[in-house]
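Peer 1: Sharing a model that was predicted from the sequence below.
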Amino acid sequence: MNAVSTHLVIADDHPLFRDALRQAVASVVASAKINEAGSFEELTALLDRESDVDLILLDLSMPGISGFSGLIYLRAQFPAIPVVIVSASDDSATIRRSMDFGASGFIPKRFGVETLRDAIGKVMRGDVWIPADVDLSAAADPDMMKLRDRLVTLTPQQVRVLMMLSEGLLNKQIAFELGVSEATIKAHVSAILQKLGVESRTQAVIAAAKIAGGQWNQASVPQ
């Protein structure tokens, strides 16, 4: 990766941790261009404006996303940009699902600056980095894998709609937020139900919550 043209985005809602990541990146590639986003909306707006990003460092939990929804959306919408998860939730199941959904690495927030620097350096050289003590070879839950395979068939816009359904928004509210017609949202919801193999929007949100480890909001889902 050319150091002069290296462009990274740090997406995390904690300014102090963004600063720590920025310092770690700068120590690996001093001339890197680094953008920051404190919410998922800021991140997607940035990526829509600038498509020349080489790497995204993404927190799993920040305004606008829950669980793996942000990662799923980014891999669908921007498949050419590697995404590395940097998260405080670093159990083996979370790390495994992150990799299953297409992350290029997983760096626990509990690690010090030296480890952050080493991990970022390795990822930027094209390698995959996960904690050394994590074993990804254990047998996966077949039902969970089947559900995951269905979830990744959603288009970027369908992932966005499902994220909003999970927040309890009505079709007309989602249509307003996305700048499309309510009929378009109804079509997206129908496609989501078909792809996930469920019969109602409530079941779709619950299915998504299962794959996200229960981090999606299941409260007040309109029928």
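Peer 2: Great, that's in hand.

Peer 1: Domain ranges for this structure, per the record?
Peer 2: By the assignment in automatic domain parsing, the chain contains the domains 7-124, 142-211.

Peer 1: export those to CSV and tack on mean pLDDT, distance to A132 and mean neighbour count?
Peer 2: For the C-beta atoms, the positions are set from N, CA and C on the backbone; glycine is no exception. Listed next are these as CSV, based on pLDDT from 0 to 100; distance: least, C-beta to C-beta, whole Å; neighbours: other C-beta atoms under 10 Å:
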stretch, mean pLDDT, distance to A132, mean neighbour count
domain 7-124, 86, 10, 19
domain 142-211, 87, 25, 17
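
Peer 1: In TSV, list those along with distance to I130.
Peer 2: What follows is these, written out as TSV (distance: least, C-beta to C-beta, whole Å):
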stretch	distance to I130
domain 7-124	5
domain 142-211	18
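
Peer 1: Against S89, how distant is the residue nearest in space to the middle of the chain?
Peer 2: Taking C-alpha atoms, centre = their mean, the centroid of the chain lies closest to L71, which sits 1.8 Å from it. Distance of L71 to S89, computed by C-beta to C-beta, to the nearest Å: 12 Å.

Peer 1: And for T184?
Peer 2: Distance from T184 to S89, counting by C-beta to C-beta: 34 Å.

Peer 1: all helices in this structure, in order from the N-terminus.
Peer 2: Ranges of helices in the chain, per DSSP state H, are 15-28, 40-49, 69-77, 92-100, 113-124, 142-151, 156-166, 171-178, 182-196, 201-211.

Peer 1: Make CSV out of the ones you listed and add distance to L60.
Peer 2: Shown next, in CSV, are those (distance: least, C-beta to C-beta, whole Å):
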stretch, distance to L60
helix 15-28, 13
helix 40-49, 11
helix 69-77, 7
helix 92-100, 7
helix 113-124, 16
helix 142-151, 16
helix 156-166, 13
helix 171-178, 22
helix 182-196, 21
helix 201-211, 13
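
Peer 1: right, and these - which one's nearest M62?
Peer 2: helix 40-49 (6.2 Å; C-beta to C-beta).

Peer 1: now the angle from the closest one to helix 69-77?
Peer 2: With axes from the mean of the first three to the mean of the last three C-alpha atoms, to 10 degrees defining the directions, helix 40-49 sits at 10 degrees from helix 69-77.

Peer 1: now what about helix 40-49, what contacts it?
Peer 2: 9, 11, 35, 37, 53, 56, 58, 62-65, 70, 73-74, 77-78, 81 (C-beta atoms under 8 Å, 6 or more residues apart in numbering).

Peer 1: Quick one: distance of that helix to the chain centre.
Peer 2: In this view, helix 40-49 has its centroid 13 Å away from the chain centroid, taken as C-alpha atoms, centre = their mean, to the nearest Å.
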